[in-house]
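In: build the 3D model from these lines:
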Amino acid sequence: MSPASIFDEANILDDPDVEQVLTRTSVSNGTVLARQGKKGNEMYIVTKGRFSVIDEKADNFVITMLGPGEIFGEMSFLAESPRSATVVATEDGEVLSLSRKALPGLLKKSPSKVAHLASGLCQLMAERLREADDIQSLILTDEELGVSDEIAALYGRHQSWKKAPIRLLDEPGILETCQAINTTAHQVLVEQWERSTDLFVVQSGKVNVTDDRSGGFLITSFEPGEVFGEISFIDGRPRSATVSVAEPGEVLFLSRDAVTGLMDRDPALAANLMIVIGQLLA
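Out: Numbers count the residues shown, from 1 in each chain. Okay, the predicted model is just below:
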């Protein structure tokens, strides 16, 4: 796997235990491997050929092309969510597939390998979300367009994935790994462009997410049970927005160092944590 993961484990897909649960399939030109809006639980690795990623909701707009070594379907694999796009073979080729149904057995046999696999997929999703955020920021900073109500609504819908109703702390053992912050009004928890990698969970109160590039445009708000900071937590890159306290309360944070330590103490817990974070990113 090409992206560096939070655990700095390269080429986990080449591991013998992982290879045993991969299925190799030859595909012909025109084969649909993923259909937008349909449920799926497999992820795919292209080994031969070229594949189009298509948005059927936008008049079959071709989002990108995929070739050997590239991965798709990771969001549905981790979150068991509907496919976000359609993927079609544009020539004869070959793919490796990994079903989510294989995860329990692999997790039992080698939890550390599942943790590395999930963290690598999270890294991939974080990179794709960064690209999408960059496109939205270009829209918001366009001096000719300005921040119209329509664009603001579009940006808000784009960011709504961050409010997925997933209870990170419901995973046994995670709460003990977190530290607490008693917040005060207007306190800045995350500053745009800063290099920090903590993951946050709102326990009580409310925080606002703003884009300093567009004059403090309010992107969204987070309330109890919601998570923020997951992209920088995964990829270690600067924060893409500022998060400040709107209503005082308690916020828990989880550091990357604490999570990497889990690999030695409890690799199964680390694996489950990365799967949950993947669900947040999906």
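In: quick one: low-confidence parts of the chain?
Out: By pLDDT under 70, the low-scoring segments of the chain are 1-13, 132-172.
In: the same query, at a cut-off of 80, please.
Out: Counting by pLDDT under 80, the ranges of the chain that qualify are 1-15, 17, 129-175, 263, 282.
In: that one: helices as residue ranges?
Out: Per DSSP state H, the chain carries helices over the ranges 16-19, 74-79, 103-109, 111-140, 149-159, 230-235, 256-265, 267-281.
In: neighbours around Ala58, how many?
Out: 10 (other Cβ atoms under 10 Å). (Glycine included, C-beta is placed from N, CA and C.)
In: repeat for Thr23
Out: Residues lying near Thr23 (other Cβ under 10 Å) number 12.
In: pretty sure Asn60 is touching Ile54, no?
Out: Yes. Counting by Cβ atoms under 8 Å, Asn60 touches Ile54, with 5.4 Å between them.
In: look at these two and report which has more neighbours.
Out: Counted by other Cβ under 10 Å, Asn60 and Ile54 do not tie: Ile54 has more neighbours, with 21 against 11.
In: and the gap between the nearest residue to the more buried one once chain neighbours are set aside and Leu98?
Out: Take Ile54 and drop its neighbours on the chain: the residue closest to it by Cβ to Cβ, 6 or more residues apart in numbering is Thr86, 4.5 Å away. As judged by Cβ to Cβ, to the nearest Å, Thr86 and Leu98 stand 20 Å apart.
In: which ones are touching Asp235?
Out: By Cβ atoms under 8 Å, 6 or more residues apart in numbering, Asp235 lies in contact with Gln123, Ala126, Glu127, Arg130.
In: sorry, that was for Gly216
Out: By Cβ under 8 Å, 6+ apart, the contact set of Gly216 is Thr210, Thr242.
In: out of the helices of the chain, which gets nearest to Asp198?
Out: Taking Cβ to Cβ, helix 230-235 is the member of those nearest to Asp198, at 6.8 Å.
In: burial measure for Gly37, as a count.
Out: Gly37 has 11 neighbours, counted by other Cβ under 10 Å.
In: then the one 3 residues further on?
Out: As a burial measure, Gly40 scores 19 neighbours (other Cβ under 10 Å).
In: so it is in contact with Ala85, correct?
Out: No. Contact status for Gly40 versus Ala85: not in contact, 11.4 Å apart, counting by Cβ under 8 Å.
In: what is in contact with these two at once?
Out: Ala34.
In: and Glu91, which of the helices of the chain is closest to it?
Out: Glu91 sits nearest to helix 74-79 of all those, at 22.6 Å, using Cβ to Cβ.
In: the closest residue in space to Asp15 that isn't next to it in sequence: neighbour count?
Out: Nearest non-adjacent residue to Asp15, counting by Cβ to Cβ, 6+ apart: Lys113, 5.8 Å away. Close neighbours of Lys113, defined as other Cβ under 10 Å, add up to 19.
In: can I assume Lys113 is in contact with Leu106?
Out: Yes. Here Lys113 reaches Leu106: they are 6.8 Å apart, a contact under Cβ under 8 Å.
In: which neighbours do these two share?
Out: Counting by Cβ under 8 Å, 6+ apart, the residues touching both Lys113 and Leu106 are Asp17, Val18.
In: now for the residue nearest to Ile54, how many residues are close by?
Out: When counting by other Cβ under 10 Å, one arrives at 20 neighbours for Thr86.
In: again, but for Glu191
Out: Counted with other Cβ under 10 Å, residues neighbouring Glu191 total 14.
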